[in-house]
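Engineer: When you get a sec, could you give me coordinates for this:
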Amino acid sequence: MTAGGSSGGAAAALAAGMHVLADGNDMGGSLRLPPGYCNVIGLRPSAGRVPVYPATDGYAGLSVQGPMARTVDDLALLLSVMAGPDRRSPISLEEPGRSFAEVGEGSLAGRRIAFSPDLGGAVDVEDEVASSVWTAAASCETHVCHVTATGHPAIAMPAGFTDAGTPLGVQFVGRHRGERDLMALAKGFESATHYAARRPHLH
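Structural biologist: Numbers count the residues shown, from 1 in each chain. Below you'll find the predicted structure:
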């Protein structure tokens, strides 16, 4: 068993109910892999959405800061506090953080969503995991979604459990600087599946 490494401690604490919000950084998946292992939600925002200061290289955007939570609404609330312009960070985006505070109802209806269970055969996926991912994709299709291409900010969402009770995650990727729309999609998925409401077994 693993909490996913890196920000895994924060994700495990969220899953255990020790706290309701957490933050972390993501260069190679640290805001997405731990949530997938722990049945919580993590958002890798667009570069500059969450200003970083001090920074070794103020223009670097590969590593970003972002929020984790147990619900999309809580995630959006934390993003609203973290995001916003900061003159000390040259790549910070101008949109004020408060604009992310409320997601609304969220919906999957009419959305076009990329889907690849194994990145076109580039990775091996266990049958049970692949089945869960197909179920997640079917949840989208049930709500009139189309499966097509990817973008930039990414959100990791709970996507069910193995027979042994191990959490599984799915990642949605949105348009560049499209965090608001991405969180609305995530809220629709959350409402349609209710996977995030279940707590994983603690060992």
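Engineer: Using the three-state scheme, assign the residue positioned nearest the centre of the chain.
Structural biologist: The C-alpha lying nearest the average C-alpha coordinate of the chain belongs to residue 155 (CA atoms, centre = their mean; 2.2 Å). Following DSSP: H, G, I helix; E, B strand; the rest coil, we place residue 155 in the strand state.
Engineer: isn't it right up against residue 180?
Structural biologist: No - if you go by CB atoms under 8 Å, residue 155 and residue 180 don't touch, sitting 11.5 Å apart. Placement of C-beta: from N, CA and C, glycine included.
Engineer: Can I get stretch 10-23 as CSV, trimmed to CA atoms?
Structural biologist: C-alpha atoms of stretch 10-23 as CSV (Å, rounded to 0.1, in the frame of the first residue of the first chain):
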residue,chain,number,x,y,z
ALA,A,10,-1.3,15.4,2.9
ALA,A,11,-3.6,13.2,0.8
ALA,A,12,-3.6,10.4,3.4
ALA,A,13,-4.5,12.9,6.1
LEU,A,14,-7.4,14.2,4.0
ALA,A,15,-8.6,10.6,3.4
ALA,A,16,-8.4,9.9,7.2
GLY,A,17,-10.4,12.9,8.0
MET,A,18,-7.6,14.6,9.9
HIS,A,19,-8.2,17.8,8.0
VAL,A,20,-10.4,19.1,5.2
LEU,A,21,-7.8,21.0,3.0
ALA,A,22,-4.3,20.5,1.9
ASP,A,23,-1.8,22.0,-0.5
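Engineer: which residues sit against that stretch?
Structural biologist: Contacts with stretch 10-23, where a contact means CB atoms under 8 Å, 6 or more residues apart in numbering, come from 3-4, 7, 24, 34-35, 37-40, 42, 65-70, 74, 77-78, 82, 167, 199-200, 202.
Engineer: contact partners of stretch 47-57?
Structural biologist: 58, 61-62, 64-66, 79, 82-86, 88-89, 91-93, 153, 177, 179.
Engineer: Take the residues you listed and keep only those in strands.
Structural biologist: Of the contacts of stretch 47-57, the ones assigned to strands by DSSP state E are 64-66.
Engineer: Reformat these as JSON lines; add distance to residue 173.
Structural biologist: JSON lines is the format used below for these (distance: CB to CB, whole Å):
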{"residue": "64", "distance to residue 173": "14"}
{"residue": "65", "distance to residue 173": "18"}
{"residue": "66", "distance to residue 173": "14"}
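Engineer: other SSEs contacting the helix or strand of the chain with the lowest mean pLDDT?
Structural biologist: Least confident helix or strand, the chain: helix 127-142 with a mean of 77, by mean pLDDT, DSSP states H and E. With contacts defined as 3 or more CB pairs under 8 Å, 6 or more residues apart in numbering; DSSP states H and E, helix 127-142 has these neighbours: strand 154-161, strand 167-173, helix 179-193.
Engineer: Thank you, goodbye.
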